[in-house]
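Q: predicted model and sequence below, questions to follow.
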Amino acid sequence: MKTDIKEQLKFNLLEEKNDIVITNNLLNSIVKEVNNLFDGKIEELSTEPFTTIYTLGKTVTKRIHIVNFEDLKDEVKRIKIYKSIAKLKGNNCVIVDSFENENYQQVMQDLSEIIMTENYVFDRFKSKKEDKDKNFFYYGEGKIYEAVKKGYVYGDCMNNACELVNTPYNYLNAIGLAEHSLKLEKYKNIKVRIYNKKEIEDMNMGAYLGVNKGSFEEPKLILVKYQGLPSFEDPTALVGKGVMYDTGGYSLKTPRSMPGMKGDMAGSAAVLGAIEAIARLELKANVMAIVAATDNRIGDGAIVPDDILTAASGKTIEIISTDAEGRLTLADAVWFAQKEGAKKVIDIATLTGAMVAALGHEFTGAFTNDKKYLNKFLKASIKTREKVWEMPVTSEFNKMIESKVADIKNSGGPLAGASTAAAFISEFINKDTKWIHLDIAGTATSEKKEATGVMVKTFTELFC
């Protein structure tokens, strides 16, 4: 599927072969023309949110799809209408000038994005593919180009993130994710560096390597740099959990909870999708995407509870549960981000079942050491309609992960699991670093277990 923007001095309805999507805004000259041609039908159908009329030979186009202009002012109704438009078959020409209102740019961005995301289907491994022979074209005077492009990029990069999350481990391991990351260098201002196991060992990343000890696949530390400013100063680091498959290790998951663990790398998909969108929109910002990619399996040499690991920062960690592995990889990943010069770090992870129990699939849990920085992030999330709820991370939760035999332990027990996990990561954040931790255990997939591409938009919007 593709989208395109047409710029014409005069739209000729009688010669348009594609189906037409138009509002009933009678102040628009084209709408008036259509209304007259069809004997006032556009005005007559003004109470319907979305309807279709057949032209019966009056024009070359066979169908005209009509949106109630007044309903565009209500966000809930607008999104519902746009989903109906996205489901249209064949080729469709959207008369964007007829959509013009006080929120014109956002209206067109929403439409472009939803057309992309609603048409995403994961059928890579289906012998019979879904018919995707449809295209959307936009007719307008050109001032909506940036809005349509932004929506298209948001939708496309969310779909790319979903594709990563949906792909099973036997087709996408740490090596495959590194190869995907290298392809991002085709975009302007992006440079990618992949660190191999020997280089990771040289940085003493004992927490990250501990998770990898049961794997037969080498870990890959992924660093993607986007430089949108003249010099690479004051970069923001987006750190994504990259556990490509999580069996739980010797703290083995149950047969019921293990299916779906191919998506335990949704954090990495989010940061890679976001930095792709940032590059494609050519935003004026310096951003790093960092992923400590590995899987968590049972095997020769795999860690067991009671083991003690030493992180790159020098902190020692008592292993209580090998299924609390994501925070181990993040400990070394956020340390690495700060080593690379980041004073602002946002990590994102499908980290705890406790987060799902607290907020379900509706809200992403957010933890921070800097309220002002979180407020800036929340403003971006409101604009992108990705729901975020602040959760507590205080010194009381750090006390819950104190260890008698090491500096800290990787699990604080059954209570406040999301907050103690956040407290664990905070142990590796420098005092002068602004930090946000996002737990997307509930929002990375829908209730139907479908990938959502969550936070790709909000991360990108943060730099717009």
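A: Okay, I see it. Residues are numbered from 1 along each chain as shown.

Q: show me what the helix or strand hosting residue 156 is packed up against.
A: Using DSSP states H and E, the element containing residue 156 is helix 145-166. Here helix 145-166 touches strand 3-7, helix 104-118, helix 266-280, helix 456-461, going by 3 or more C-beta pairs under 8 Å, 6 or more residues apart in numbering; DSSP states H and E. For glycine as for every other residue, the C-beta is placed from the backbone atoms N, C-alpha and C.

Q: dump the ones you listed to JSON lines, plus mean neighbour count and mean pLDDT.
A: Shown next, in JSON lines, are the helices and strands packed on helix 145-166 (neighbours: other C-beta atoms under 10 Å; pLDDT from 0 to 100):
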{"stretch": "strand 3-7", "mean neighbour count": "14", "mean pLDDT": "53"}
{"stretch": "helix 104-118", "mean neighbour count": "21", "mean pLDDT": "92"}
{"stretch": "helix 266-280", "mean neighbour count": "29", "mean pLDDT": "98"}
{"stretch": "helix 456-461", "mean neighbour count": "27", "mean pLDDT": "98"}
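
Q: so residue 366, which of the three states?
A: Here residue 366 is strand, with the state taken from DSSP: H, G, I helix; E, B strand; the rest coil.

Q: residues near it, how many?
A: Residue 366 has 21 neighbouring residues, counting by other C-beta atoms under 10 Å.

Q: check the one 5 residues further on too.
A: Residue crowding around residue 371 was assessed by other C-beta under 10 Å; the count is 10.

Q: so how far is residue 61 from it?
A: Relative to residue 61, residue 371 is positioned 54 Å away (C-beta to C-beta, to the nearest Å).

Q: on contacts alone, who are the packing partners of the helix or strand where residue 207 lies?
A: Residue 207 belongs to helix 206-212 when assigned by DSSP H and E. Helix 206-212 sits against helix 197-202, strand 286-296, strand 308-310, helix 326-339, with contacts defined as 3+ C-beta pairs under 8 Å, 6+ apart.

Q: okay if I get the helices and strands packed on helix 145-166 as a markdown table plus distance to residue 74?
A: Formatted as a markdown table, those follow (distance: least, C-beta to C-beta, whole Å):
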| stretch | distance to residue 74 |
| --- | --- |
| strand 3-7 | 25 |
| helix 104-118 | 11 |
| helix 266-280 | 27 |
| helix 456-461 | 21 |
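
Q: quick one: closest of these to residue 52.
A: Within the helices and strands packed on helix 145-166, the stretch nearest residue 52 is helix 104-118; the backing value is 16.7 Å (C-beta to C-beta).

Q: pLDDT weak spots in the chain?
A: 1-14, 46, 142-143 (pLDDT under 70).

Q: buried ones in the helix or strand following the helix holding residue 156, by neighbour count?
A: Using DSSP H and E, the helix or strand that directly follows helix 145-166 along the chain is helix 174-182. Residues 174, 176, 177, 178, 180, 181 are the ones in helix 174-182 that count as buried (16 or more other C-beta atoms under 10 Å).

Q: how close does the second one get to residue 444?
A: According to C-beta to C-beta, residue 176 stands 19 Å off from residue 444.

Q: circling back to that earlier point, relative to residue 399, which of the helices and strands packed on helix 145-166 is closest?
A: helix 266-280 (26.5 Å).

Q: what packs against the closest one?
A: With contacts defined as 3+ C-beta pairs under 8 Å, 6+ apart, helix 266-280 has these neighbours: helix 145-166, helix 174-182, strand 220-227, strand 236-246, strand 286-296, strand 344-349, helix 456-461.

Q: just want the angle from it to helix 174-182.
A: Interaxial angle, helix 266-280 versus helix 174-182 (axes from the mean of the first three to the mean of the last three C-alpha atoms, to 10 degrees): 20 degrees.

Q: run the chain-centre distance for helix 266-280.
A: 7 Å (C-alpha atoms, centre = their mean, to the nearest Å).

Q: and stretch 94-103, by the same measure?
A: For stretch 94-103, the distance from its own C-alpha centre to the chain's C-alpha centre is 27 Å (C-alpha atoms, centre = their mean).

Q: surely residue 336 meets residue 221?
A: Yes - counting by C-beta atoms under 8 Å, residue 336 touches residue 221, with 7.1 Å between them.

Q: domain-wise, how is the protein divided?
A: Here the domain parsing of the chain from automatic domain parsing is 3-138, 156-461.

Q: including distance to residue 146, could these go into a markdown table?
A: Below are the domains of the chain laid out as a markdown table (distance: least, C-beta to C-beta, whole Å):
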| stretch | distance to residue 146 |
| --- | --- |
| domain 3-138 | 8 |
| domain 156-461 | 9 |
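
Q: burial-wise, tell me which of the ones you listed comes out on top.
A: Mean neighbours per residue, mean count of other C-beta atoms under 10 Å, is largest over these for domain 156-461, with a mean of 20.

Q: got a markdown table for the helices and strands packed on helix 206-212, with distance to residue 121 too?
A: Output for the helices and strands packed on helix 206-212, formatted as a markdown table (distance: least, C-beta to C-beta, whole Å):
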| stretch | distance to residue 121 |
| --- | --- |
| helix 197-202 | 36 |
| strand 286-296 | 26 |
| strand 308-310 | 41 |
| helix 326-339 | 29 |
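
Q: of all the ones you listed, which lies closest to residue 235?
A: strand 286-296 (4.1 Å).

Q: starting at the chain centroid, how far to the closest one?
A: The answer for strand 286-296 is 14 Å, by C-alpha atoms, centre = their mean.

Q: now it - C-alpha only, CSV.
A: The C-alpha trace of strand 286-296 is given here as CSV (Å, rounded to 0.1, in the frame of the first residue of the first chain):
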residue,chain,number,x,y,z
ASN,A,286,20.6,14.3,19.0
VAL,A,287,19.3,10.9,19.9
MET,A,288,20.8,7.5,20.7
ALA,A,289,18.9,4.1,20.6
ILE,A,290,20.6,1.5,22.7
VAL,A,291,19.7,-2.2,22.9
ALA,A,292,21.5,-5.0,24.9
ALA,A,293,20.1,-7.9,22.8
THR,A,294,20.2,-11.5,24.0
ASP,A,295,17.8,-14.3,24.9
ASN,A,296,17.2,-15.8,28.3
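
Q: alright, I will stop here.
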